[in-house]
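Participant: here is a sequence together with a model predicted from it:
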Amino acid sequence: EVQLVESGGGLVQAGGSLRLSCVVSGFTFDDRAIGWFRQAPGKEREGVSCMDSGTYERTYYWDSVKGRFTISRDNAKNTVYLQMNSLKPEDTAVYYCAAGGWSCGADFTSWGQGTQVTVSS
């Protein structure tokens, strides 16, 4: 069974930092791209960041978080991280990690339950 479990969310003041973790199981971790997405109340889900699988581990960031967020993965721990710095109130959302195919261009078919991030002004 494929499982993704996020953690690390919480309440932080604007300008602060959080690190989210996504522990995955049920598939070969190296074979899948892992993405981070978020959904704010009343808004559609949007992409945040993604890392391709395999040797290259290319990373991608949506414009809203470029320069502030960093995605990384620890293959030994089957874990993907999202380091979030210089947080803004508009970053407030439920953050989800998801697994797809080999690359970030493929569909994401497995999702975690989400972790709440709240940034106060």
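Facilitator: Thanks, I have it.

Participant: what residues are up against the residue nearest in space to the middle of the chain?
Facilitator: Nearest to the geometric centre of the chain sits residue 36, at 2.6 Å (CA atoms, centre = their mean). Contacts here follow CB atoms under 8 Å, 6 or more residues apart in numbering; on that basis residue 36 touches 20, 22, 47-50, 71, 80, 82, 95-98. Heads up, the C-betas are built off the backbone N, CA and C, glycines and all.

Participant: try it again at 7 Å.
Facilitator: 48, 49, 71, 82, 95, 97 (CB atoms under 7 Å, 6 or more residues apart in numbering).

Participant: SS state for the second one?
Facilitator: Right, the one you point to is residue 49. State at residue 49, reduced to three classes by DSSP: H, G, I helix; E, B strand; the rest coil: strand.

Participant: not counting residues beside it along the chain, what's closest to it?
Facilitator: residue 71 (4.3 Å; CB to CB, 6 or more residues apart in numbering).

Participant: I'd assumed residue 51 was in contact with the one you found.
Facilitator: Yes. Counting by CB atoms under 7 Å, residue 71 sits close enough to residue 51 to count as a contact (5.0 Å).

Participant: partner residues bridging residue 34?
Facilitator: Counting by DSSP bridges, residue 34 forms beta bridges with residue 51, residue 99.

Participant: for residue 83, see how far away it is.
Facilitator: Residue 34 sits 14 Å away from residue 83, going by CB to CB, to the nearest Å.
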